[in-house]
Structures are given as C-alpha cells and as structure tokens.
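J.: Just to be clear, the model below is a prediction. Sequence and coordinates:
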Amino acid sequence: MKVLVPVKRVIDANVKIRVKADQTGVETANVKMAMNPFCEIAVEEAVRMKEAGTASEVVIVSAGAAQAQETIRTGLAMGADRGVLIQSEAALEPLAVAKLLKAVVEKEGADLVLMGKQAIDGDNNQTGQMLAALLGWPQGTFISKLEKNDSGIKVTREVDGGLEILDLKMPAVLTVDLRLNEPRYASLPNIMKAKKKTIDTFSPEDLGVDVSPRLETIKVVAPPPRKAGVMVDSVAALVDKLRNEAKVI
Amino acid sequence: MDFALSTEQRLLVESLRAFVDQELYPHEAEVERTGELRPELIERIKAKAIEQGFYAANMPEELGGGGLDHVSTALLERELGKASFALQSIVGRPSNILQACAGDQVERYLLPTVRGERLECLAMTEPGAGSDLRAMTTRAEPDGSGPDGKGYVINGAKHFISEAERADFTILFAVTGVEETARGPRKKITAFLVDMGTPGFEVRRGPTPVSHRGHHPCELIFTDCRIGADQVLGEVGRGFEVANTWLGATRIWVAANCVGRAQRALDLAVEWAATRKQFGQTIGRFQGTSFKLADMATEIAAAEFLTLHAAWKLGQGAMTDQDAAMAKLYASEMLGRVTDHAVQIYGGMGLMEDLPLERLWRDARVERIWDGTSEIQRHIISRALLRPHGG
C-alpha cells in the first residue's frame, strides 16, 4: 500500500503572529517556519504503518515555495521514503491544493492519502475533503485511531459529542486529529539518510492545474486585545453579569 | 563565505531541541532540588539518547559514533548546553582522546564507550596542579608487576574529576619521569587507562560546588595501585602530546554550551521584559531594560560566531589554540554577563529557585574556570600575538 502524505510549511506554532502594517496578511519575514503540527501527526502515522509492514512506501508531498523542500526533508528525516514538491510562489488556496494533490495521487497511484485535518495558518479545514470529492474516494476526517483490515480501513473520528467509527473502502482520504499519535523527532541516522532521499519537483503547469486565486483577501486584522477580567464576589453577582452585561444566559 | 546551516544541521538542531525540551527540561527541577541524578533517570535519558543517535554523536561513524562534523558537534553542544549540565552530561560524548587507543585497548575501552556500555572520566587536575598541570605529583613508576613483567605502580591524588562516580575507567595523567631540557628539568607525563575497582584506586565525592547541581566532582586516590604496561594510552612520556592532539577542541564545546545557555537566559529575559508591567508599561519599554537586551543578544551572536568559526576551522584542519581560547574566553565571560543582566531584568523573581534563571546564573560561574581559566585563555591568546615579535 502506497501512502501519500501532503504536508504544509507554516509559521512555527510557538511564534507569536503579527499582522503586517498594511493589513495584507501576517508577517512572515524572519519568522521561524515549521511543518504544520497536524501534518506531522499524519507523517508519524504513515511511518508507523511502514514500520508495521502495512504501508510499502510513504511519499511526502508539499505545494508551495522552494523552501517547502525543507518541510519535506523534515518528513523524510522522520522516516518517509521520498518527496514530491509542487513548486509555486503563488498563494495557493485549498481548492488549488486539492487539485494539485489529485494530480499527484493519480501520478503516483497512491492507495491512501493521510493528511492533517487543517493547517494552523489558515485553519481552513477544507483540502482533505475537497481532495476526496475530486477523487471520488471515501473520506474519514478528524481521525484519532485507524486500523487497516482486509476489506479496507476502520477509523475513529472525533466528532462533536463523541466518537464515530467508520469502515472505509480503500482507496481513501483520511485527515488526522491531534490525539492520533505523538510525532517523533528525527534520529541522527535518519537525518543523515534523509539527505540521500529524492525529492521530485513539478510546477502546477506540469500537472495541468490552474492555481489562479478565486478568493480575494480584503484585509487581515488582529483580534482585539483581551480586556483584563474582573473578580466578582458572589455567584449572584456572576449570574447578574452573565445575564445583564454579557447577555449570555 | 556561507553562513547557512546545511539541511542536516537544521534538522539536527530541530530534533535536539525536541529532545532537550521533552527529555531533559522536565527533570531539571528535580535535579536542582535533590542535587542527584536517579539511576532510573540516567538509564531513561541514556536509552533515549542512544535511540536517537545522539549518544557518541561526536565520534566517527567507523567507530560506531554519529560521525558529526565539527560545526554540527558545536550545534549539538549548543543545544544540549541549554539544559542542566548534570542531565545533558548523560548524553555521552566520549572523550576524543580515546581515539588514541591501540591494540586491545580499542575493544576494552574505546568501542564499549562509544556504544554506551562503559563510561570514561578524565583525570588531570590535582590540588596542587590546576592551571599549572605539569606541577602534578601523581606518579606512575615502572615496577615490573604486570603480567608481562612490565607495569606501573601509581601513587597520588586527583580532584575535581567529573563523572568519576559513574565512570567505569579513568584516563589518568601521571608523572613517569623527568627529562633535561634547555630550560632545566621537566616532568614527563604519561596517559593511562585505569579501571575503576583496580586495587589501590579509590573514588570519593569531593566538596559540593555552587554550579551544576547533580554533577559531582570527585577525588581519585591512588595508593600503590598496580596496572599493566598495556594500559598506557599513547606513548610513554608523551601524555601531553596525546592530550593536545585530541583535547584541543574541548574548549570549543565549552563555548558552545555557554552560547546555548545564554540564549535560554535571553529568551526568558525577553519574555519577561515584554510582559512584566511597572509604572503603567512593560519594563521592556524602559531603555534601562531594552538596551540590556540588545547588548545581550549582540554578545551572544558574537560568541556564537567565534565558536562556530573555531569549529569550522577545526574541520578544515586549521584551528589554532588561539581560536579555541578566544571562543572559550569570550563565550564563558559573555555567559556571566548575560545571566547577570537576565537576573537584573527579572528583579527579585530572578533569584528564586522556581525559575531556571538563578540556576543559569549560578552555573555560569564555573565556565570561566574549568577547561582553562579565563586567565589561561588570555595567556594563550597574548602569547600567540607576542611570540612572533620576540615579546
């Protein structure tokens, strides 16, 4: 079974985000970048499947600027076999990424796509679902557990109010949630091996995909700063404030 | 000139940061509180370090080590240096001097140490021989007591010996004779490999230092301790040459430790300065604080460049004693200033044991003393300047 793991290069989760003065986006100059944490979980799961013998090959794919190659290398150092970079300097929207991924899935003949449920930059939570729709494949989103069986794959989804268990036919698209696993950090021998692994580079044109934007960003603004809280001296005062000031009860 | 890290170096740093964050930081408070490393903790960290390939990462691949180049080793020392010294010492970096092992010594001492099965400690310093190492009085006299009719009997004492409590053997430097030189008689020093448990060899814990809790400098006492002639490391009478060949880089690693720790102190100080409010604004808005931060960041960068540059020259086979001395001198003194500023920025909280800052400040003090005091480093640098001029 060949597993494709799409990954995204995002601003490191520990960096405090600042909005650019001209409100066109967030500041990325001189900001530490890293693999999207949900993508790391997907890579970890794929590598575990490889180690368990259920996956034969793990291919990391990323769409983005040339530096996305670094993110792919991080996945290779975790234990993936090789990488595919779809190089584009343009800002890629979820639908464009889903179309690019569809082209790579077909080119590679992948049996399973394992990806993060969303990227922590845009928080769109769309690409996996769009990809499944474009491919006409079953999808299991927000999964916290997966089990390969003879007929397909059994996944546990984290949904509002509980867990949902689905049996999916293969091939399928899975998007992973936080509790699926704890990603490893690369070992020195694997870092050294990652150097020799190949990364093939394509452009959107090579894959015949039109990535021109369909959305227009009008402006990006930071959320208003949180006001300091107040201490109330009784439950009655709290209820009063919730009812009459916050108007939530 | 290319200052960029390679992809492997970047990945190594990322991975080491995760290791330090997940495996070392969580145990710092315990080590500071108890002053001890629990055996289970040592085993756990060591096993993880071996699993990650960080153990003996400094040793060549053909010996089973990680095969890191020297700049990468400096990066490793920088990242590990951020954590408590006692904890980060568990991630073994066998002394390079073991590469001088020959014959049976390779299987007895070098390879098991690289595999993490044995641990070495380096014994040079004596109560009467600190900066002036040649003043050492521990003697190894040929007495023919070895199985081959050769061998030595050792008498004397070493102190301030790191890792001796946990070590399986020591790399001992002792006097084996006197030679006549143009400047008068000079002691001949020989390096030996001596197993713990050899009769006449005792290890005891020494006084408790202010820096590096959980790391216990020890005293090594030799009383008619008999060893075989096959336990000489390198050539008889050439101990300092062996040391100079293999230990010259140690000062770069000390410098790298200092850079990592200073960076951690700066990170803490920046976070505090950006959030702590006094007189209606964050204290970072006061120049008294912000200019300190600017100086700290600048000095750390300068120390880091000196350190990485010395490591790079080492890799090129072009490093001089002066390069290593400059990196060690500047980085260790920088660490003293940076941790002092960081405590000042924190105010009273900076001195509380609840934060890692007071420890960073305490731990900084030893760096200007061990592995060659600042004065010895200045001596090395100034001699390199003046000697060509006959001064």
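T.: Nice, I can see it.
J.: Spatially, which residue comes closest to residue B:201, not counting chain neighbours?
T.: Leaving out its chain neighbours, the residue that sits closest to residue B:201 by Cβ to Cβ, 6 or more residues apart in numbering or on different chains is residue B:225, at 4.6 Å. C-beta coordinates here come from the backbone N, C-alpha and C atoms, glycine included.
J.: Quickly find the element holding the one you found.
T.: Following DSSP states H and E, one finds residue B:225 within strand B:218-227.
J.: can you check residue B:193 too?
T.: Here residue B:193 is covered by strand B:184-195, with elements defined by DSSP H and E.
J.: And residue B:122, by the same measure?
T.: Since the elements are taken from DSSP H and E, residue B:122 ends up inside strand B:120-123.
J.: That strand: partners in the sheet, and parallel or antiparallel?
T.: For strand B:120-123, sheet partners with direction are given as strand B:169-181 (parallel), following DSSP bridges.
J.: Flag every buried residue along the strand it pairs with.
T.: Going by neighbour count (16 or more other Cβ atoms under 10 Å in any protein chain shown), the buried part of strand B:169-181 is B:169-176.
J.: can you give me the mean pLDDT across that strand?
T.: In this model, strand B:169-181 carries a mean pLDDT of 95.
J.: before we move on, what about stretch A:234-249?
T.: The predicted model gives stretch A:234-249 an average pLDDT of 91.
J.: Show me what from chain A comes close to chain B.
T.: Those residues of chain A that sit near chain B, judged by Cβ under 8 Å from any Cβ of the partner chain, are A:34, A:70, A:73-74, A:77, A:185-192, A:194-195.
J.: Pick out the most distant pair among the residues you listed.
T.: Based on Cβ to Cβ, the longest span within the residues of chain A next to chain B runs between A:34 and A:189 and measures 21.9 Å.
J.: Which one's more surrounded, those two?
T.: Per other Cβ atoms under 10 Å in any protein chain shown, whichever of residue A:34 and residue A:189 has more neighbours is residue A:34, with 19 against 14.
J.: Show me where chain B has its helices.
T.: Using DSSP state H, the helices assigned to chain B run over residues B:7-19, B:28-34, B:39-52, B:70-81, B:85-88, B:105, B:111-115, B:239-247, B:250-275, B:287-315, B:321-346, B:357-367, B:374-386.
J.: Same list, those, but as TSV with mean pLDDT and mean neighbour count please.
T.: Output for the helices of chain B, formatted as TSV (pLDDT from 0 to 100; neighbours: other Cβ atoms under 10 Å in any protein chain shown):
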stretch	mean pLDDT	mean neighbour count
helix B:7-19	96	20
helix B:28-34	96	16
helix B:39-52	97	15
helix B:70-81	98	25
helix B:85-88	97	23
helix B:105	97	17
helix B:111-115	98	20
helix B:239-247	91	19
helix B:250-275	97	23
helix B:287-315	98	19
helix B:321-346	97	24
helix B:357-367	97	21
helix B:374-386	97	15
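J.: Nearest to chain A, out of these?
T.: Relative to chain A, the nearest member of these by Cβ to the nearest Cβ is helix B:7-19, separated by 3.6 Å.
J.: Quick one: check the closest one for contact with chain A.
T.: Yes. Where contact is defined by Cβ under 8 Å from any Cβ, part of helix B:7-19 touches chain A, namely B:7-8, B:10-12, B:14-15, B:18-19.
J.: Compute the number of surrounding residues for residue A:228.
T.: Neighbourhood size, residue A:228 [other Cβ under 10 Å]: 5.
J.: For chain B, see how far away it is.
T.: Using Cβ to the nearest Cβ, to the nearest Å, residue A:228 is found at 11 Å from chain B.
J.: which residue sits closest to the closest residue to chain B within chain A, ignoring its sequence neighbours?
T.: For chain A, the residue closest to chain B is residue A:188, as judged by Cβ to the nearest Cβ, at 3.2 Å. Distances taken as Cβ to Cβ, 6+ apart place residue B:53 nearest to residue A:188, at 3.2 Å, with adjacent residues excluded.
J.: number of nearby residues for the one you found?
T.: With other Cβ under 10 Å as criterion, residue B:53 counts 21.
J.: For residue A:164, see how far away it is.
T.: 40 Å (Cβ to Cβ, to the nearest Å).
J.: hang on, the earlier thing: turn the helices of chain B into JSON lines, columns for distance to residue B:97.
T.: Output for the helices of chain B, formatted as JSON lines (distance: least, Cβ to Cβ, whole Å):
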{"stretch": "helix B:7-19", "distance to residue B:97": "24"}
{"stretch": "helix B:28-34", "distance to residue B:97": "28"}
{"stretch": "helix B:39-52", "distance to residue B:97": "21"}
{"stretch": "helix B:70-81", "distance to residue B:97": "15"}
{"stretch": "helix B:85-88", "distance to residue B:97": "20"}
{"stretch": "helix B:105", "distance to residue B:97": "12"}
{"stretch": "helix B:111-115", "distance to residue B:97": "11"}
{"stretch": "helix B:239-247", "distance to residue B:97": "4"}
{"stretch": "helix B:250-275", "distance to residue B:97": "9"}
{"stretch": "helix B:287-315", "distance to residue B:97": "15"}
{"stretch": "helix B:321-346", "distance to residue B:97": "15"}
{"stretch": "helix B:357-367", "distance to residue B:97": "21"}
{"stretch": "helix B:374-386", "distance to residue B:97": "19"}
